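[1] return atomic coordinates for the entry below.
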Amino acid sequence: EGAVNMDPIQGRLATYSSNGYIFYLHDKMDDPGRSRHKQVWAEDLINLLKLQWIDRFTRALILNIGVLNQNLGLYGNIECLFELDLTSNIWSTFRVRAFSPDTDEQS
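    Coordinates of the predicted model:
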């Protein structure tokens, strides 16, 4: 799908660039039922496990979630970084950013 324009992400163990593999969870969520969303995402995650996307050579997993609060007119970005060290420890870092589409300012 081409190159991804993403700022480097600073973790506890290293800084991660946009190089690597990207998997987009299904975003065609036409069904308003929450149980369907969970089922589709669970199927995606099972497929990732079957394809061995996460193995002993994996050093980081980054999960980005975009949200919209229509009542406040704010967008948000939730960034979850999971770092895996050589001894199988998992280090997690979470960042939450909110911004208005009118001002493009982050808080």
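
[2] do a quick rundown of the helices in the chain.
    34-50 (DSSP state H).

[3] give the residue spans of the chain that score low on pLDDT.
    1-5, 26-37, 103-107 (pLDDT under 70).

[4] which residues does the spatially most central residue of it form beta bridges with?
    For the chain, the residue sitting closest to the mean C-alpha position, by C-alpha atoms, centre = their mean, is Leu63 at 1.7 Å. Beta-bridge pairing for Leu63 (DSSP bridges): Cys80.

[5] that one and Ala42, how far apart?
    15 Å (C-beta to C-beta, to the nearest Å). (Glycine included, C-beta is placed from N, CA and C.)

[6] repeat for Ser88
    According to C-beta to C-beta, Ser88 stands 24 Å off from Ala42.

[7] tell me which of the two has more neighbours.
    Ala42 (10 against 7; other C-beta atoms under 10 Å).

[8] burial measure for the closest residue in space to Thr93 that isn't next to it in sequence, as a count.
    Using C-beta to C-beta, 6 or more residues apart in numbering and skipping the chain neighbours, the partner closest in space to Thr93 is Leu81 (4.4 Å). Counted with other C-beta under 10 Å, residues neighbouring Leu81 total 20.

[9] how far off centre is stretch 60-70?
    Mean C-alpha position of stretch 60-70 versus that of the full chain (C-alpha atoms, centre = their mean, to the nearest Å) differs by 6 Å.
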